[in-house]
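1. Build me a structure from this.
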Amino acid sequence: MEGIPEDVKAYVLSEVESSHADDRVGVSELGGCLRKAWFKRRMPRPVDFESAFRMFVGRLFHIYIERGYEKTEVSVQHKVGKGVIVGKIDAIVGDTAIDFKSKRNIRFISERGPQERDVNQVKFYAFAANLQHAKLIYYKIDPKVQGVRSTDEFLQELKRGIVLEAIQSPRISFDIEMHDVTNVVRNYVTRALILFDALEDERPPALETPPPPWECKFCEFREICKAFP
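-> Down below sits the predicted model:
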């Protein structure tokens with residue numbers, strides 16, 4: 001991203017800093033590559049600005065979208081053998097868990113439906129909170145910020161861009177079927193145990209077959225991952 005002062009970049013990077021405990025794993029992590037989750041804990045790498053910017057946009061987007069709901073950011077957890085699976089429900093309305101997703105482009109979603117990992121994630125949230133229904137709502141959010149001179153100006157322009165896109169851009173809503181939620185939860189538990197065992201053994205989990213190509217392409221650990229069997 002061009003035209004962003006270094007002090008603004010430093011601010012964004014500091015805002016998305018996070019740590020990863022050995023006995024806690026996020027639902028979103030379990031929906032992705034387990035080796036990446038392992039490397040984040042054993043060989044952490046600094047986040048690049050482009051990735052940090054997308055995470056920061058997502059955070060501001062959720063703050064804006066969730067302001068119209070009474071019950072938001074509800075923490076959930078599910079204990080497994082050596083640790084706990086954790087997550088946050090964006091909003092709860094009645095007996096429905098709602099997960100908001102911001103995407104740069106939602107044409108693929110409109111053509112093929114919700115992404116499987118998103119579906120499974122909101123199903124798990126509903127299960128963990130003892131809710132009967134689940135919903136996914138996708139928004140196209142891809143704000144552009146250029147030519148700013150300060151952090152305050154950057155935040156003002158970014159928030160304005162997010163709000164305008166949330167209001168004006170298309171959104172797609174899906175009611176998620178819950179008939180297979182037991183299998184979904186069982187799969188999450190299995191994957192969490194694989195990760196916890198790998199952390200204990202100090203060896204990354206086996207590479208999944210086939211590996212997720214889109215995740216490998218943009219993974220900050222892709223080079224070091226190749227060095228491990």
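2. any low-confidence regions in the protein?
-> 1-2, 211-213 (pLDDT under 70).
3. any idea how far R107 is from the residue nearest to the spatial centre of the chain?
-> The centroid of the chain falls nearest to S28 when counting by C-alpha atoms, centre = their mean (5.2 Å). Look at S28 and R107: by C-beta to C-beta, to the nearest Å, they are 23 Å apart. Yep, even glycine has a C-beta here, placed from its N, CA and C like the rest.
4. Equivalent analysis for A129, please.
-> For A129, the distance to R107 - C-beta to C-beta - is 31 Å.
5. These two: who's more crowded?
-> A129 (16 against 10; other C-beta atoms under 10 Å).
6. and the more buried one, what is it in contact with?
-> Going by C-beta atoms under 8 Å, 6 or more residues apart in numbering, A129 touches 74, 76, 89, 92, 97.
7. So which residues of this structure form helices?
-> 6-15, 27-30, 34-42, 49-66, 107-112, 116-128, 151-168, 181-201, 213-217, 222-226 (DSSP state H).
8. Relative to the whole chain's centre, how far out is the shortest one?
-> What that stands for is helix 27-30. Its chain's C-alpha centre and that of helix 27-30 lie 8 Å apart, by C-alpha atoms, centre = their mean, to the nearest Å.
9. That helix - contacts with which helices or strands?
-> Contact partners of helix 27-30 among helices and strands, from 3 or more C-beta pairs under 8 Å, 6 or more residues apart in numbering; DSSP states H and E: helix 34-42, strand 83-93, helix 116-128, helix 181-201.
10. Would you mind finding the most buried of these?
-> Greatest average neighbour count among the helices and strands packed on helix 27-30 goes to helix 116-128 (a mean of 21), per mean count of other C-beta atoms under 10 Å.
11. Contacts for that one, please.
-> Here helix 116-128 makes contact (C-beta under 8 Å, 6+ apart) with 27-28, 31-32, 76-78, 85, 87, 89, 96-99, 101, 131-136, 174, 176, 178, 180-181, 184-185, 187-188.
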